[in-house]
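Chemist: prediction below, plus the sequence it came from.
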Amino acid sequence: MPSQQIQILLVEGNPVDARRLAQMLRAGGATNFRLRRANKLHQAKRHLENGRADVALVDLSLPDAQGLDVLVEAQQAAPNVPFIALSASADDSLAAQALQLGAQDFLVKSEINPGQLARALSFAIARQQAQLHLRSLSLMDELTGLHNRRGFVSLAEQHLKLSSRQRVRSTLIFMDVDNLKYINDNFGHREGDYALQQIAGLLRECFRQSDIIGRLGGDEFCVLLSHASEMAEFLVRERLSHLIGRNNENSGRIYALSVSLGIVNVAGHRELAQQISRADALMYEHKRAKQISGASLSRLGELV
């Protein structure tokens, strides 16, 4: 087992089995751990939602839930926690389904020994960490460190489903970095990449950790704000404008960074692609308005 203390959550409704499993943990050499027990699913979900588990042993037969529903609901409460499913009987079909749903192992309680339990916990944690690492690589944009399109869409869809159930407002922001082609053509693609990295850093500073930020590709970024207020659009525009303006003043660059924004409020679970298209269209309206305004000012300068 790893050297740091492991937080183990045992979800077991049978007190006799719970004592036996706890004794096995001590006998199997898993000395540096803290064991918490929940005898019902709703208690387990509270522990999981509060981050009180590094790994969970979950009996699939509880007083308030039975079968694979136990595993599914527990995983929804803590998607990054590795789960080991426990069963009173050897059921190959149930075991296969549990593993397909994401359980790291399936153990029959009557067949477990202390060494096997310790190894199962250790391997479950290691496998989960490896899977999360690989998943993060496939969902992250290498240049900016933000979510890539795949990562953003995956997380945003999950968020919108949850927001719909809770009946809370979300705000979707689509943005385009202005004049990136000019930067690439005149200062080189390395400078263009640096400009994108600067924008990514400003977005991290502008938004909360609970908000989902992604680079969809090229010069396009998208943000989904959770629990957004009716003032979200105004506040976002003001704050982002301030941060970009401050960055331009202190950068020493010949060119200035700027973005065009399209912002839509989402008050339910609708197709994410449609919401992105709506925000994209509004972004182009914003960009055209700035171009028209800039051209008008240029003509006025020539007249003067």
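Modeler: The structure has been received and is ready for your questions.

Chemist: please make it C-alpha for all contacts and neighbour counts, starting now.
Modeler: Will do.

Chemist: quick check: phi and psi on the spatially closest residue to L121 that is not a sequence neighbour?
Modeler: Leaving out its chain neighbours, the residue that sits closest to L121 by CA to CA, 6 or more residues apart in numbering is V55, at 7.2 Å. In terms of degrees, to the nearest 10, the main-chain angles of V55 are phi -160, psi 150.

Chemist: list the beta-bridge partners for V55.
Modeler: Note on V55: beta-bridge partners by DSSP bridges are I8.

Chemist: pretty sure it sits against P79.
Modeler: No. Look at V55 against P79 with CA atoms under 8 Å: they stay out of range, at 11.2 Å.

Chemist: rewinding a little: for the residue nearest to L121, give me its contacts.
Modeler: By CA atoms under 8 Å, 6 or more residues apart in numbering, the contact list for V55 reads I6, Q7, I8, L9, V81, P82, F83, I84, L121, A124, I125.

Chemist: try it again with 7 Å
Modeler: Contacts of V55 were listed using CA atoms under 7 Å, 6 or more residues apart in numbering, and they are Q7, I8, L9, V81, P82, F83, I125.

Chemist: how near is the third one to L99?
Modeler: With the distance defined as CA to CA, to the nearest Å, L9 ends up 19 Å from L99.

Chemist: pick out the residue nearest the middle of the chain.
Modeler: Computing the C-alpha centroid of the chain and ranking residues by CA atoms, centre = their mean puts L155 first, at 5.3 Å.

Chemist: now the element after the helix or strand hosting that one, going C-ward?
Modeler: L155 belongs to helix 149-166 when elements are defined using DSSP states H and E. Where DSSP H and E defines the elements, the next helix or strand beyond helix 149-166 is strand 170-177.

Chemist: I84: how many residues sit nearby?
Modeler: Residues near I84, counting by other CA atoms under 10 Å, number 25.

Chemist: against S154, how distant is it?
Modeler: 25 Å.

Chemist: can you check T171 too?
Modeler: For T171, the distance to S154 - CA to CA - is 16 Å.

Chemist: who's more crowded, those two?
Modeler: Relative neighbour count places T171 above the other of T171 and S154, with 22 against 14, counting by other CA under 10 Å.

Chemist: pretty sure the more buried one sits against L272.
Modeler: No. The criterion here is CA atoms under 7 Å, and T171 misses it with L272 at 11.7 Å.

Chemist: sorry, back to before: so the helix holding L155 versus strand 170-177, what angle?
Modeler: 160 degrees (axes from the mean of the first three to the mean of the last three CA atoms, to 10 degrees).

Chemist: of the contacts of V55, closest to R237?
Modeler: Ranked by distance to R237 (CA to CA), these are led by V81 at 37.0 Å.

Chemist: and I183, what does it touch?
Modeler: G192.

Chemist: E220: neighbour count?
Modeler: E220 has 18 nearby residues by other CA under 10 Å.

Chemist: and the one 3 residues further on, by the same measure?
Modeler: Residues within reach of V223, counting by other CA under 10 Å, total 20.
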